[in-house]
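Q: Provided below for reference: sequence and predicted model.
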Amino acid sequence: MKYVLWIMLFGTSAVFASNDVVVDSDVTEIKSELASEVKAELITAEQAEEMGLNRAETYEVTSTVSVENLEMQIAEKLKDSIMPYYSIEYNDPTSDNESYVATVTEYFGKVE
């Protein structure tokens, strides 16, 4: 919560968020941490469609503790995966619950 208040107080834009929102700077931090821990490549859902990839699995990861805990849980799930690509969609900023949520989708290549 303190982090969000600092962003609201000193942030570069007028972002009004509560402690259940994964804000842009948190997303950037998660992406860089995951890149160093996971073999699979992070892509967007649009890139997966353009590349003609097939969806392997979609699951939700939730943390009631912190953004760092959310990143750790995502990394643990992806470390066990054999899929070469994944995308992450974070919770809606208007969410009323008290948790950090990410939807992870794993992809594999075209089936000929």
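A: Structure's in. What do you need? Model, not experiment: these values are computed from the prediction. Numbers count the residues shown, from 1 in each chain.
Q: ranges for the helices of this protein?
A: Listed in chain order, the helices of the chain (DSSP state H) span 2-10, 24-37, 45-51, 67-79.
Q: just these: most buried one?
A: Taking mean count of other C-beta atoms under 10 Å as the contact definition, the stretch among these with the greatest mean neighbour count is helix 67-79, which reaches a mean of 18. Backbone N, C-alpha and C define where each C-beta goes, glycine included.
Q: Show the pLDDT at Glu68.
A: Here, the pLDDT recorded for Glu68 equals 88.
Q: Okay, it and Tyr86: tell me how far apart.
A: Between Glu68 and Tyr86 the distance, using C-beta to C-beta, to the nearest Å, works out to 19 Å.
Q: Kindly report the same for Lys77.
A: 9 Å.
Q: Need the overlap of contacts for the two.
A: Listed as contacting both Lys77 and Tyr86 by C-beta atoms under 8 Å, 6 or more residues apart in numbering are Val104.
Q: what residues are up against the residue nearest to Leu34 when sequence neighbours are not counted?
A: Spatially, and ignoring its direct neighbours in sequence, Leu34 is nearest to Ala75 (5.7 Å; C-beta to C-beta, 6 or more residues apart in numbering). By C-beta under 8 Å, 6+ apart, the contact list for Ala75 reads Glu33, Leu34, Glu37, Val38.
Q: how close does Ala75 sit to Lys31?
A: 11 Å.
Q: where does this structure have low pLDDT?
A: 1-25, 27, 92-96, 111-112 (pLDDT under 70).
Q: Geometric centre of it: which residue is closest?
A: Centroid-nearest residue in the chain, with C-alpha atoms, centre = their mean: Ile88, separated by 4.2 Å.
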